[in-house]
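Participant: need a 3D model of the sequence below.
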Amino acid sequence: MIEKEVDIVGLTEVNTDWRLVENNNSVWAVTAAWKESRRIQLGFNTTTPPVEKYQVGGTLNMTFDEVAFRVRKRGEDTRGLGRWSWQELQGINDLKTTIVTAYCPVVSSNPGGCYAQHLRYMSQHANDETGSDHAIPETITCPRALFLGHDLQRFLEGRIDQGHQIVIMGDFNYYLSTGIIWT
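Facilitator: Numbers count the residues shown, from 1 in each chain. Next up is the predicted model:
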């Protein structure tokens, strides 16, 4: 990355519960010598108590050098599932660009997998009041549909409505080939 002068990096399936990583092994410590300036935003599942460092899923969004100075806001999936992380850049003439790194879980019967994590979350919040931050729409029963067909779509539409350009990168695990189309 240093040799190629990379400015923006998006990683998926980082597989880390960052709450359990020692500071000297954190992504901030490890990347400290890479570039003079950097901004890092993580996305990982914070909906359950930390158990072990290895946690399936997650995203990481990094910007370096001049691009890092343009970062105005950063964030992650508002449900706390680590499905995406983002950074907002502000350019000339107040041009705003949101860079998103996203991970859509693969369908799996593994009880420790990312899909199962999201199913448990959906089950826990199935009866939340409509309008709450965690409410699950009645018609959605699949974590992949909640991720791409509902939550990420709403996030991106909100950014677009605010005049942002969107750069999205990620691992969608062939979700887009299933015939479901964003509106």
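Participant: low-confidence ranges in this structure?
Facilitator: For the chain, the stretches flagged by pLDDT under 70 are 1-2, 174-183.
Participant: which elements pack onto the lengthiest helix in it?
Facilitator: Ranked by residue count under DSSP state H, the longest helix found in the chain is helix 114-124. Contacts defined by 3 or more CB pairs under 8 Å, 6 or more residues apart in numbering; DSSP states H and E place helix 114-124 against helix 143-144. Heads up, the C-betas are built off the backbone N, CA and C, glycines and all.
Participant: helices and strands around the helix it packs on, which ones?
Facilitator: The elements that helix 143-144 packs onto, with contact taken as 3+ CB pairs under 8 Å, 6+ apart, are helix 114-124.
Participant: which positions within the helix it packs on qualify as buried?
Facilitator: For helix 114-124, a neighbour-count test (16 or more other CB atoms under 10 Å) marks 114-119, 121-122 as buried.
Participant: closest to residue 60 out of these?
Facilitator: Closest to residue 60 out of the buried residues of helix 114-124 is residue 114 (14.9 Å), distances taken as CB to CB.
Participant: and the gap between the closest one and residue 161?
Facilitator: From residue 114 across to residue 161, the span is 29 Å (CB to CB, to the nearest Å).
Participant: what of residue 55?
Facilitator: 33 Å.
Participant: look at these two and report which has more neighbours.
Facilitator: Between residue 55 and residue 161, counting by other CB atoms under 10 Å, residue 55 is the more crowded of the two (23 against 8).
Participant: quick check: the more buried one touching residue 44?
Facilitator: Yes: the criterion here is CB atoms under 8 Å, and residue 55 meets it with residue 44 at 6.2 Å.
Participant: give me the most central residue, the protein.
Facilitator: Nearest to the mean C-alpha position of the chain, counting by CA atoms, centre = their mean, stands residue 84 at 1.1 Å.
Participant: so what's it up against?
Facilitator: Shown in contact with residue 84 (CB atoms under 8 Å, 6 or more residues apart in numbering): 43, 59, 76-77, 100-103, 152, 155, 170.
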